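Novice: Sequence below, structure please.
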Amino acid sequence: MWYILLPLLILLLVIFLRRKDGKTLKLPPGPVGVPVLGNLLSINSVNPHLSLAKLVRRYSGICALRMGSVYTVLLTDPKLVRQAFAKDTFTGRAPLYLTHGIMQGFGIVCAEGDHWREQRKFVSSTLKSLGMSKHGYRREKLEGRITHYICQLLDKLKEMDSPLHGVDPLDCLHHYLGNLINDLVFGKVYQEDDPTWKWLRYLQEDGVKHIGIAGPLNFLPFLRHLPRYKNLMKFLIEGKLKTHRVYKDIIQTYREGKEEKIYSFLSAFVEEMTRRASSNEDLGSFNDQQFYHLLADLHGAGVDTTMTTIRWFLLFLAAYPQEQEKIYEEMVESLGERDITLDDRGRLIYLEACICEAQRIRSVVPLGIPHGTTEDTTLGEFNIPKGSMVVPFQWAIHMDEKNFDDPEVFKPSRFISEGKLRRPEAFLPFLTGKRMCVGDELARWILFLFCGKIIQRFRVSIPQGDRVDLEGDCGITLVPKPHKLVFLERSAS
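Specialist: Numbers count the residues shown, from 1 in each chain. Now for the predicted structure:
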């Protein structure tokens with residue numbers, strides 16, 4: 001008879017644990033899971049964002065479930081997302097085994113507490129020194145650095161293009177956008193066939209896929225004993241260590257003055273370490289391990305999400321040529337024959353609206369960047385326990401018809417009101433709050449210039465007879481499936 005009484009005993013235990021100071025704690029509603037696995041069996045490993053979106057529709061704005069050993073709160077109400085992430089108690093890192101084990105709290109994505117605050121302040125200050133400002137010489141210099149790599153990309157697309165069969169722009173986008181980020185993060189660039197650079201690109205592409213495959217390890221740590229996951233962990237850890245050795249060599253070369261010293265995150269970090277050491281000041285979080293992990297975070301985030309957004313932008317504009325022509329007509333009317341610059345952001349409203357719509361309709365990180373609670377707290381009418389993983393469910397927010405009418409339709413006009421760009425409260429491509437993307441404005445600049453200059457020079461289309469797949473493959477990021485595009489120079493069309 002014990003197995004009949006067991007569910008009742010579990011229910012009584014849950015009720016007891018929910019009580020605090022004699023009062024029952026009200027936790028967010030959610031589906032009942034199974035022992036050990038929790039709700040993991042409800043999640044489709046191929047399209048987790050779609051299965052989770054279907055699951056959370058039963059609840060209103062907030063839903064709790066058990067992902068293996070991790071208590072998880074999914075937020076699908078943009079107001080709740082903004083309310084939560086404005087609080088210090090939601091600035092912790094998510095309690096994930098894989099990221100804890102590999103990153104060990106270093107970098108900026110997986111850091112928390114005073115360590116995270118100090119490093120975020122450093123990154124923000126360095127961005128300003130690089131030129132992230134409204135006016136001035138530094139801004140002009142930064143725009144020049146961005147434009148330099150875009151011009152190289154445009155020439156490469158012209159050289160590669162095949163009007164009949166098209167080309168897959170992934171490799172050249174990765175090289176030229178990657179070299180822009182190399183320039184800003186490391187202060188150096190690579191030739192396209194450089195072995196180190198080819199390996200770093202391979203590791204970034206494959207590493208994201210492997211982390212996606214290894215996802216269950218985050219919630220079921222005992223899986224690390226199985227051969228499949230042992231090999232995945234070995235790949236990820238060895239890849240990290242090899243990457244750090246590459247970074248160590250770059251840092252050493254910079255310190256020895258063997259190459260031209262260009263201002264970058266790397267140079268700024270070295271300067272801060274040197275300043276603190278020379279003044280006998282506590283190094284704080286400025287140590288070698290933090291250095292390597294921060295460089296990896298900045299480079300990975302700078303390349304992966306921005307490149308994926310550009311790919312979706314080009315694919316959707318090829319699938320919706322009428323929207324592409326509206327951008328070009330706006331450019332001709334506003335700019336004439338001169339090249340697009342950052343000063344045109346207020347003029348080229350339709351271009352910006354199309355970029356926003358690409359970010360909405362295909363959220364690059366569909367599950368958002370998960371946060372963790374640093375202490376027991378509340379959100380709305382619910383109690384959120386310490387150590388919870390809190391997920392801003394971007395896909396569900398961006399594809400909810402309560403927030404955006406006809407969410408499955410590519411409709412840039414939704415971001416325009418009275419001739420001006422509008423960003424609705426429910427539009428959260430860079431998230432919000434204390435841990436929102438620190439480089440959001442730089443990312444907007446890069447997207448505006450890359451996307452604008454490509455459309456200004458080329459008419460982008462799908463090769464005749466090809467079928468457009470707009471669903472994508474979902475790992476950590478949601479990326480387009482392999483595809484080809486035709487880049488026809490407008491002057492030749």
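
Novice: tally of neighbours for the closest residue to Phe415 other than its chain neighbours?
Specialist: Distance criterion CB to CB, 6 or more residues apart in numbering; nearest residue to Phe415, sequence neighbours excluded, is Ala353 at 4.1 Å. Placement of C-beta: from N, CA and C, glycine included. Neighbourhood size, Ala353 [other CB atoms under 10 Å]: 23.

Novice: Would you quantify the distance from Arg467 to Leu173?
Specialist: Distance of Arg467 to Leu173, given as CB to CB, to the nearest Å: 22 Å.

Novice: got a list of what Phe186 touches?
Specialist: Contact analysis of Phe186 by CB atoms under 8 Å, 6 or more residues apart in numbering lists 247, 250, 264-266, 295, 299.

Novice: now, among these, which is nearest to Gly107?
Specialist: Within the set of the contacts of Phe186, Leu295 lies nearest Gly107; the separation is 8.7 Å, counting by CB to CB.

Novice: By residue count, what's the longest helix in the protein?
Specialist: In the chain, assigned by DSSP state H, the helix with the most residues is helix 288-319.

Novice: ok, then the element right after that helix?
Specialist: Using DSSP states H and E, the helix or strand that follows helix 288-319 towards the C-terminus is helix 321-335.

Novice: Now that following helix - C-alpha only, PDB.
Specialist: Output of helix 321-335 as PDB, limited to C-alpha atoms (Å, rounded to 0.1, in the frame of the first residue of the first chain):
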ATOM      1  CA  PRO A 321      11.500  41.400 -51.700                       C
ATOM      2  CA  GLN A 322       8.900  44.100 -51.500                       C
ATOM      3  CA  GLU A 323      10.200  45.000 -48.000                       C
ATOM      4  CA  GLN A 324      13.700  45.000 -49.300                       C
ATOM      5  CA  GLU A 325      12.800  47.500 -52.000                       C
ATOM      6  CA  LYS A 326      11.100  49.800 -49.500                       C
ATOM      7  CA  ILE A 327      14.400  50.000 -47.700                       C
ATOM      8  CA  TYR A 328      16.300  50.800 -50.900                       C
ATOM      9  CA  GLU A 329      13.700  53.400 -52.000                       C
ATOM     10  CA  GLU A 330      14.100  55.100 -48.600                       C
ATOM     11  CA  MET A 331      17.800  55.200 -49.100                       C
ATOM     12  CA  VAL A 332      17.700  56.700 -52.500                       C
ATOM     13  CA  GLU A 333      15.200  59.300 -51.300                       C
ATOM     14  CA  SER A 334      17.200  60.200 -48.200                       C
ATOM     15  CA  LEU A 335      20.800  59.700 -49.200                       C
END
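
Novice: helices or strands up against that helix?
Specialist: When contacts are defined as 3 or more CB pairs under 8 Å, 6 or more residues apart in numbering; DSSP states H and E, helix 321-335 packs onto helix 288-319, helix 349-361, helix 440-457, strand 458-461.

Novice: in the first one, what counts as buried?
Specialist: Using 16 or more other CB atoms under 10 Å as the test for burial, helix 288-319 gives 290-319.

Novice: how about the helices and strands packed on helix 321-335 in JSON lines, adding mean pLDDT and distance to Leu232?
Specialist: Formatted as JSON lines, the helices and strands packed on helix 321-335 follow (pLDDT from 0 to 100; distance: least, CB to CB, whole Å):
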{"stretch": "helix 288-319", "mean pLDDT": "96", "distance to Leu232": "18"}
{"stretch": "helix 349-361", "mean pLDDT": "98", "distance to Leu232": "30"}
{"stretch": "helix 440-457", "mean pLDDT": "97", "distance to Leu232": "29"}
{"stretch": "strand 458-461", "mean pLDDT": "96", "distance to Leu232": "37"}
